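Participant: Give the three-dimensional model of this entry:
(2 chains)
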Protein chains: 2
Amino acid sequence: MNLKLPQTTHKRIVVIGGGFAGMNLALHLKNTDFQVVLLDKHNYHTFQPLLYQVATGGLEPTSIAYPLRKLLRKIPNAFFRIANVENIDTDKKIISTDIGSLEYDILVIATGTTTNFFNLPQASTAKMKSLKSISEALDLRSYLLENFEMALLEDDPQKKQALINIVIVGGGPTGVELAGAIAEMKNHMLPRDYKELDLTKMQVHLYEATDKLLGPMTENSRERALEYLKNLNVQVNLKTAVKSYEDGVLYLGEGQQLPTETVIWTAGVKGKSLPGINPEAVLPNGRIKVDEYNQVPLLKDVYAIGDISCMITEKLTHGHPMVAPVAIQQGELLAKNFIRKEQGESLKAFEYFDKGSMATVGRNKAVVDFPGKSIKMGGFMAWIAWMFVHLMSLVGFRNKLIVLTGWVYNYLNYDRVLRLIIRPSRE
Amino acid sequence: MNLKLPQTTHKRIVVIGGGFAGMNLALHLKNTDFQVVLLDKHNYHTFQPLLYQVATGGLEPTSIAYPLRKLLRKIPNAFFRIANVENIDTDKKIISTDIGSLEYDILVIATGTTTNFFNLPQASTAKMKSLKSISEALDLRSYLLENFEMALLEDDPQKKQALINIVIVGGGPTGVELAGAIAEMKNHMLPRDYKELDLTKMQVHLYEATDKLLGPMTENSRERALEYLKNLNVQVNLKTAVKSYEDGVLYLGEGQQLPTETVIWTAGVKGKSLPGINPEAVLPNGRIKVDEYNQVPLLKDVYAIGDISCMITEKLTHGHPMVAPVAIQQGELLAKNFIRKEQGESLKAFEYFDKGSMATVGRNKAVVDFPGKSIKMGGFMAWIAWMFVHLMSLVGFRNKLIVLTGWVYNYLNYDRVLRLIIRPSRE
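Facilitator: Next up is the predicted model:
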């Protein structure tokens, strides 16, 4: 079996992963002589920063996803296949996938990251929820609601409490935004839907192992975010590590324990390992070490971009933050460098243009840092800025329109209307 | 285990099923002394007439579904549980479900219908698709797209043809509307997404065992619908029964056969059997025989409304058509009759007010009959009327707004944008 790609006399660039990095690389190779082959295990691009809104019933999955084939309509020299990569032979320059194997001239790895549970035993993580894909977000949405339905039927007070307690582990943007969204559900939607439950007893906990939320942001923004979460009655626990999670009880650093059926792990990511890649090219956190041109030094004609790559240079000892703008800029520059190389021009080294960072905390509140201009914003204006930036980052006019409509509706109605429990197995 | 409902000294009405019939019954019992308990296996109401648009990527499932708890917020005397009914003891007046058992004073069965494959062997129907629920519509959406992805990789011409051939069985409204929507995908969206496939070879077949489409409509409308489908290159085969479906080949009445991986069965429905109901109360097609008050004659305090009920009276020998307006009107009248009975007033017999029937056939085209006024419409104006009526029937302002936005977008762009293949098992 092979991938049935058209024969070409030109160079074939195979891109693994249709996230921000891979997608932008492909877009900027439009109308070149390269044959671009994009592989992804899904047929859509996912806007990961808004997955938490899918999980909390604020947005539809199709609003934050974009069909890769629709994107590739614009790029006549690009081809797409749904495929899972099973092996890469970097000597023979062949990729093996579940739908066949493929020779490449240039390989670009843009596979992103996956959830990192660090050293927690598998018995503890098996029942934890994570939030890295559309499927996981939809599963979490149904799971949260199913627990409230079960709480209605529960006699045992501790079990009932466990069903309505929600724990989020990790104080990064995903953890903070998710905690805010769940607190808003607790304050508005849930008491209206579950009048039979005493939801004043519901607890939303956020556990963070370090001494601060939103580590890379300014102190000003970090403190504001903490204050916003406390105002929403989120119990923020800093310097608190998770030890284990068994039989509906979460065990924490200092011997505390908490009954809960819902532990959402947002505390870490790691690179997705690709079989066949020389282990010396891979850092302990699974990310692939690249030079300032996103080339993998040990491997011929292999590049890595986006979250999976970690650029280590003299100036840059820990790589870039794993955020969408880095991926977008790396994808774009690498495409341009491929074109430059063909034309015999010299390559440009990657430099990250940091446009700032932001996080939203429930309705009306957000924090924004613009590092270049050393401006910090908080509150309602920051929330408007957050919405604007995220809307602009969505791919496609339809998605922008539908997301905006949904946000306006949710804002006016204090509601999260998309609360369908959809389980394929139930049919 | 029990359903943990509040004690009440008033009569308890248990309603099984939150479709149009059950939902409207509950709404019209608002602020009465009855305790209304609504049971459904899903936590949402489904607008079934638009399921085919979910299956063909035109609409999101949340746009045509409505959370039952949101509906019940308006009815303080109503309670909701997700439950599967396992048995009904009509002597002791107890329902047993998977979450416990419950006593009732009055039972209303509003469970609707399920797909009827008639006498086809299970080996033939196992791989057929049906379209009675959100889960089935989402499964069909992913399945259609997966087959096109597989066709790209297929060498064998017959297997490739089978992957791109689509068969719809049944010439009722669902079959006709689905055939039109798939033909539009063939004419617009699919060739743009799958440039590598020769989609002029793709065939859309509609098989109907009788000699006409849209049986209950006027001859004028039936002929127009047939013409519209032919203009869309749907191969309509009347008087053609399906014999069996094995190993990707559909065997038909007169010995013909067709290679296809996609057979969508819309050719019949039957009542959902409820264990414990006296078989003498049930007709051969699974529907429950009721009198003109929707009461089940053989059973005490048991009523049936909507598609599951079949009203047999002197005037009415075959019951009403299984359409939403009958269900809505029966739910409303039964609620009013319950109130009348409590007040010692006489009951009103059900009379169906037929507002007409309609079906859409692709972009721009529909047929409408208004029987009372003997007006028939076709073409673009009928299509506008079809959209208006369906928009108005959707529950909730948000759904109306999102569906309208989606339709306008799809119309302007000749597109079906919601083409994500989401499979929980792939994660």
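
Participant: Taking the centroid of chain A, which residue is nearest it?
Facilitator: Note on chain A: the residue nearest the mean C-alpha position is residue A:48, at 3.8 Å, using C-alpha atoms, centre = their mean.

Participant: So, low pLDDT: which residues of the stretch 1-150 of chain A?
Facilitator: Low-confidence segments of the stretch 1-150 of chain A (pLDDT under 70): A:1.

Participant: if we can go back for a sec, can you report phi and psi for the residue nearest to the centre of chain A?
Facilitator: Residue A:48 has phi and psi values of phi -60, psi -40 when expressed as degrees, to the nearest 10.

Participant: who are the neighbours in contact with it?
Facilitator: A:19, A:132, A:324 (C-beta atoms under 8 Å, 6 or more residues apart in numbering or on different chains). (Each C-beta comes from the backbone N, C-alpha and C, glycine too.)

Participant: rerun at 6 Å
Facilitator: If you count contacts by C-beta atoms under 6 Å, 6 or more residues apart in numbering or on different chains, residue A:48 has none.

Participant: ok, it to chain B distance?
Facilitator: 14 Å (C-beta to the nearest C-beta, to the nearest Å).

Participant: now residue A:311
Facilitator: Distance from residue A:311 to chain B, by C-beta to the nearest C-beta: 29 Å.

Participant: wait, isn't that residue in contact with residue A:291?
Facilitator: No. Using C-beta atoms under 6 Å, residue A:311 makes no contact with residue A:291, being 7.3 Å away.

Participant: State the distance from the residue nearest to the centre of chain A to residue A:184.
Facilitator: Counting by C-beta to C-beta, to the nearest Å, the gap from residue A:48 to residue A:184 is 21 Å.

Participant: can you pull out the strands in the stretch 201-350 of chain A?
Facilitator: Secondary structure of the stretch 201-350 of chain A (DSSP state E, counting those that start in this stretch): strands at A:204-207, A:234-237, A:242-246, A:249-252, A:257-259, A:262-265, A:269-271, A:288-290, A:302-304, A:309-311.

Participant: Give me the buried stretch members for the fifth one, please.
Facilitator: Which is strand A:257-259. For strand A:257-259, a neighbour-count test (16 or more other C-beta atoms under 10 Å in any protein chain shown) marks A:258-259 as buried.

Participant: circling back: more neighbours, residue A:311 and residue A:291?
Facilitator: residue A:311 (24 against 14; other C-beta atoms under 10 Å in any protein chain shown).

Participant: Excluding chain neighbours, give the residue nearest to the one residue in the stretch 251-400 of chain A that gets nearest to chain B in space.
Facilitator: Ranked by C-beta to the nearest C-beta, the top residue of the stretch 251-400 of chain A for proximity to chain B is residue A:398, at 5.1 Å. Distance criterion C-beta to C-beta, 6 or more residues apart in numbering or on different chains; nearest residue to residue A:398, sequence neighbours excluded, is residue B:409 at 5.1 Å.

Participant: My understanding was that that neighbour contacts residue A:396; is that so?
Facilitator: No. The pair residue B:409 / residue A:396 is not scored as a contact, 9.9 Å apart, by C-beta under 6 Å.

Participant: and the residue nearest to residue A:398, how many residues sit next to it?
Facilitator: Using other C-beta under 10 Å, residue B:409 is surrounded by 17 other residues.

Participant: got it, and the one 3 residues further on?
Facilitator: Other residues near residue B:412 come to 8 when the count uses other C-beta under 10 Å.

Participant: Same check on residue A:365?
Facilitator: Neighbour tally, residue A:365, other C-beta under 10 Å: 22.

Participant: So it is in contact with residue A:229, correct?
Facilitator: No. Contact criterion C-beta under 6 Å: residue A:365 and residue A:229 do not qualify, at 9.2 Å.

Participant: wait, is residue A:187 part of a strand?
Facilitator: No. Applying DSSP: H, G, I helix; E, B strand; the rest coil, one finds residue A:187 to be helix, outside a strand.

Participant: And the pLDDT for the nearest residue to it once chain neighbours are set aside?
Facilitator: Nearest in space to residue A:187, with sequence neighbours left out and distances taken as C-beta to C-beta, 6+ apart, is residue A:232 at 6.9 Å. What the model reports as pLDDT for residue A:232 is 95.

Participant: now swap in residue A:424 and tell me
Facilitator: Turning to residue A:424, the model gives it a pLDDT of 65.

Participant: Show me which residues of the stretch 151-300 of chain A sit near chain B.
Facilitator: A:153, A:192-193 (C-beta under 6 Å from any C-beta of the partner chain).

Participant: Out of the residues you listed, who's the most crowded?
Facilitator: residue A:193 (25 neighbours).

Participant: How far off centre is stretch A:391-410?
Facilitator: 18 Å (C-alpha atoms, centre = their mean, to the nearest Å).

Participant: scratch that, stretch A:224-238 is what I was asking about
Facilitator: For stretch A:224-238, the distance to the chain centre is 22 Å (C-alpha atoms, centre = their mean).

Participant: With stretch A:85-97 instead?
Facilitator: With C-alpha atoms, centre = their mean, you get 26 Å for stretch A:85-97.

Participant: gap between the two ends of it?
Facilitator: From its first residue to its last, stretch A:85-97 covers 4 Å (C-alpha to C-alpha, to the nearest Å).

Participant: ok, residue A:108 - contacts?
Facilitator: Residue A:108 touches A:15, A:303, counting by C-beta under 6 Å, 6+ apart.

Participant: I'd like the distance between it and chain B.
Facilitator: Taken as C-beta to the nearest C-beta, the span from residue A:108 to chain B is 22 Å.

Participant: Who does that residue form a beta bridge with?
Facilitator: Beta-bridge partners recorded for residue A:108 (DSSP bridges): residue A:15, residue A:303.

Participant: What is the neighbour count of the closest residue in space to residue A:130 that isn't next to it in sequence?
Facilitator: Distance criterion C-beta to C-beta, 6+ apart; nearest residue to residue A:130, sequence neighbours excluded, is residue A:115 at 4.1 Å. Residue A:115 has 18 neighbouring residues, counting by other C-beta under 10 Å.

Participant: Just read off the phi/psi values of residue A:115.
Facilitator: Here is the backbone geometry of residue A:115 (degrees, to the nearest 10): phi -60, psi 140.

Participant: what pairs with it across the strands?
Facilitator: The partner residues for residue A:115, given DSSP bridges, come to residue A:269.

Participant: got it, and residue A:45?
Facilitator: Counting by DSSP bridges, the residues bridging with residue A:45 are residue A:66.

Participant: Helices of the stretch 301-427 of chain A, residue ranges please.
Facilitator: A:324-342, A:379-393, A:397-413 (DSSP state H, counting those that start in this stretch).

Participant: least reliable of those going by mean pLDDT?
Facilitator: helix A:397-413 - the lowest mean pLDDT of the helices of the stretch 301-427 of chain A, at a mean of 79.

Participant: got the contact list for that one?
Facilitator: A:58-59, A:63, A:391, A:394, B:398, B:409, B:417.

Participant: Which positions within it qualify as buried?
Facilitator: A:398-403, A:406-407, A:409-410.

Participant: between the residues of the stretch 151-300 of chain A next to chain B, which is closest to chain B?
Facilitator: residue A:193 (4.2 Å).

Participant: Kindly indicate whether the closest residue to the closest one other than its chain neighbours is helix, strand or coil.
Facilitator: Nearest non-adjacent residue to residue A:193, counting by C-beta to C-beta, 6+ apart: residue B:69, 4.2 Å away. Taken by three-state DSSP, the conformation at residue B:69 corresponds to helix.
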